[in-house]
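>>> just need the structure, nothing else, for what follows:
(one chain, ligands or ions: 1)
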Amino acid sequence: MRLSRFFLPILRETPKEAEIVSHRLMLRAGMIRQESAGIYAWLPLGLKVLNKVNAIVREEQNRSGAVELLMPTIQSADLWRESGRYDAYGKEMLRIQDRHEREMLFGPTNEEMITEIFRGYVRSYKDLPLNLYHIQWKFRDEVRPRFGVMRSREFLMKDAYSFDIDQAGARHSYNRMFVAYLRTFARMGLKAIPMKADTGPIGGDLSHEFIILASTGESEVFCHKDYLDFDIPAVETDFDSVPGLQGIVDKWTSLYAATSEMHDATAFDGLSEDKKVSARGIEVGHIFYFGTKYSKPMGAKVMGPDGQEHEVHMGSYGIGPSRLIAAIIEASHDENGIIWPEAVAPFDVALLNLKVGDAATDEACGKLYRELTAAGRDVLYDDRDERPGGKFATADLIGIPWQVVIGPKGLAEGKVELKHRATGEREVLPLGDVVARLT
Ligand SMILES: Nc1ncnc2c1ncn2[C@@H]1O[C@H](COS(=O)(=O)NC(=O)[C@@H](N)CS)[C@@H](O)[C@H]1O
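Numbering: from 1, shown residues only. Just a heads-up that it's a prediction; the model follows:
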């Protein structure tokens, strides 16, 4: 993409309403724009990152055996009356009336709707286990939306829902998601620690939040330091192995880790000082087992092997892709701007032409742009008529992992400069070696 033809509304000054670094940088880097309180437009650079985050979430959901569908954002109030949550959900629910004065709502979550879909088709235990998920916008009328997309009112959520014949089966579905979550966040360069959590309005009695440690996190968390060095489940993990997954979950829940709501100070104090981590954290995922909480009132049942009808045991599993982008920035930035992990970067390479209008430089940049693109790299070519300092500052701010700098002096010697954004390391190399170096 040529920057002169892209849409990247960089802000010169730091927006005063932004209180945390991710909010400041997402506004300054032209990634989002607030349209109303807690409601954002995703501008092209932000959307590219959101799509990459979603791609990783999708890959790991699919690897675990979950099946993707897409449910609507607008839901019927009657559906929520079946579970008894319509009134219980409170002021966070955006209630709507359609032209026929039918009571509708903008979905804050989809347990009722997925249960209605399930009960419409599944009658036999032979069709279980089943895990259905979607990545869909939600609305929660937060009393105090803040920190940009970290706590917004309209936000993107991957929400998955599992269906099993009994609790043992549901436990394996839970473990599949637990392991998928460990892999998902690690692939985005995040260290997410599963912590025992409260179940809140979703319900149930088994729940873990996946927390990344960040000084601006809203949650107060306590955990054993060794978690930070645990290996992530390998890509070859057998998601059908019940004992195999239980072993991974046991390992990842073997040491102390809790959010403030579930904190047991006595247990935590039992740890040696050098193993105690108490920090702020950002909840990037939350998983729940809640048995028949929805299947019972909504009549979602299957014929079991015993010829009896059984209400299905369910769980739900949420990840916040839009919140994740803010969390990644909180965990990976410096004084010059964002430092994207390569897996989620909006572009792979920033190609900086230091003398637009100089025939040799334009020719070299154009040729390298075409070669890198042909080699499968996503390149943002800064072809603006802008002084070098401004190009360096923009490339650092928007956090593209690699910068290729081409100017007339270096070019005269057949050389270009390569800068690695994360480490700041620079190297000079022949123009002809760049494609091989970056692919
Ligand atoms: N206001 C919000 N802004 C941005 N992300 C949010 C917001 N509320 C929740 N999230 C994200 O959505 C994830 C799941 O939300 S949740 O309430 O914990 N879980 C559920 O809604 C369940 N239905 C899981 S399917 C959270 O872990 C968080 O990452």
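>>> what pLDDT does the model give the residue nearest in space to the middle of the chain?
In the chain, the centroid-proximal residue (C-alpha atoms, centre = their mean) is residue 321; its distance is 3.1 Å. The score at residue 321 is 98. That number is its pLDDT.
>>> that one and residue 218, how far apart?
The gap separating residue 321 from residue 218 is 18 Å, by C-beta to C-beta, to the nearest Å. (C-beta placed from N, C-alpha, C; glycine too.)
>>> do the same with residue 236
Distance from residue 236 to residue 218, by C-beta to C-beta: 36 Å.
>>> same check on residue 33?
Distance, residue 33 to residue 218, using C-beta to C-beta: 23 Å.
>>> who in the stretch 201-350 of the chain is up against the ligand?
Within the stretch 201-350 of the chain, the residues that sit near the ligand (C-beta under 6 Å from any ligand atom) are 202, 283, 284, 285, 286, 316, 317, 318, 320, 322, 323.
>>> those residues in strands, which ones?
Taking DSSP state E as the definition of strands, those contribute 283, 284, 285, 286, 316, 317, 318.
>>> can you name the two of those that are farthest apart?
284 and 316 (15.8 Å; C-beta to C-beta).
>>> between residue 236 and residue 218, who's got more neighbours?
residue 218 (14 against 5; other C-beta atoms under 10 Å).
>>> my read: the more buried one touches residue 151, true?
Yes. Counting by C-beta atoms under 8 Å, residue 218 touches residue 151, with 7.0 Å between them.
>>> tell me where the stretch 151-300 of the chain has strands.
Ranges of strands in the stretch 151-300 of the chain, per DSSP state E, counting those that start in this stretch, are 154-164, 192-196, 206-213, 219-224, 257-259, 276-291.
>>> show me what the fifth one is in contact with.
Going back to what we said before, that points to strand 257-259. By C-beta atoms under 8 Å, 6 or more residues apart in numbering, the list of residues contacting strand 257-259 from outside reads 193-198, 209, 211, 219-224, 227, 264, 268, 281, 283.
>>> now that strand: mean pLDDT?
Mean pLDDT, strand 257-259: 93.
>>> the chain should start at 4 in everything you say after this.
With 4 as the first residue, the last one maps to strand 260-262.
>>> mind checking how far that strand is from the chain centre?
Relative to its chain's centre, strand 260-262 lies at 20 Å (C-alpha atoms, centre = their mean, to the nearest Å).
>>> which residues touch residue 41?
Applying C-beta under 8 Å, 6+ apart, we find residue 41 in contact with 145, 148, 154, 155, 156, 157.
>>> how about residue 92?
Residue 92 touches 83, 111, 204, counting by C-beta under 8 Å, 6+ apart.
>>> would JSON lines of those residues with pLDDT be doable?
Listed next are the contacts of residue 92 as JSON lines, based on pLDDT from 0 to 100:
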{"residue": "83", "pLDDT": "97"}
{"residue": "111", "pLDDT": "98"}
{"residue": "204", "pLDDT": "74"}
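>>> Throw the strands of the stretch 154-303 of the chain into a markdown table and include mean neighbour count, thanks.
Shown next, in a markdown table, are the strands of the stretch 154-303 of the chain (neighbours: other C-beta atoms under 10 Å):
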| stretch | mean neighbour count |
| --- | --- |
| strand 157-167 | 24 |
| strand 195-199 | 23 |
| strand 209-216 | 24 |
| strand 222-227 | 20 |
| strand 260-262 | 22 |
| strand 279-294 | 22 |
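>>> tell me which of these sits nearest to residue 334.
Residue 334 lies closest to strand 209-216 among the strands of the stretch 154-303 of the chain, at 6.0 Å (C-beta to C-beta).
>>> partner strands of the closest one, parallel or antiparallel?
strand 195-199 (antiparallel), strand 279-294 (antiparallel) (DSSP bridges).
>>> ok, and what's touching stretch 358-371?
In contact with stretch 358-371 (C-beta under 8 Å, 6+ apart) are residues 354, 356-357, 384, 386-389, 407, 409-411, 414-415, 419, 434, 437-438.
>>> point out where this structure drops to low pLDDT.
The model of the chain has no residue with pLDDT under 70.
>>> how about the helices in it?
24-31, 47-66, 80-86, 88-91, 114-124, 170-190, 245-255, 268-272, 298-301, 324-334, 362-377, 391-401, 411-415, 437-441 (DSSP state H).
>>> list the buried ones in the third one?
Burial within helix 80-86, assessed by neighbour count using 16 or more other C-beta atoms under 10 Å, is assigned to 80, 82, 83, 85, 86.
>>> now do the same contact list for residue 230.
Residue 230 makes contact with 196, 255, 258, 260, 280 under the criterion C-beta under 8 Å, 6+ apart.
>>> quick one: contacts for the nearest residue to the fourth one once chain neighbours are set aside?
By the measure of C-beta to C-beta, 6 or more residues apart in numbering, the closest residue to residue 260 outside its immediate chain neighbours is residue 226, 3.8 Å from it. If a contact means C-beta under 8 Å, 6+ apart, then residue 226 has 196, 198, 258, 259, 260, 261, 280 as its contacts.
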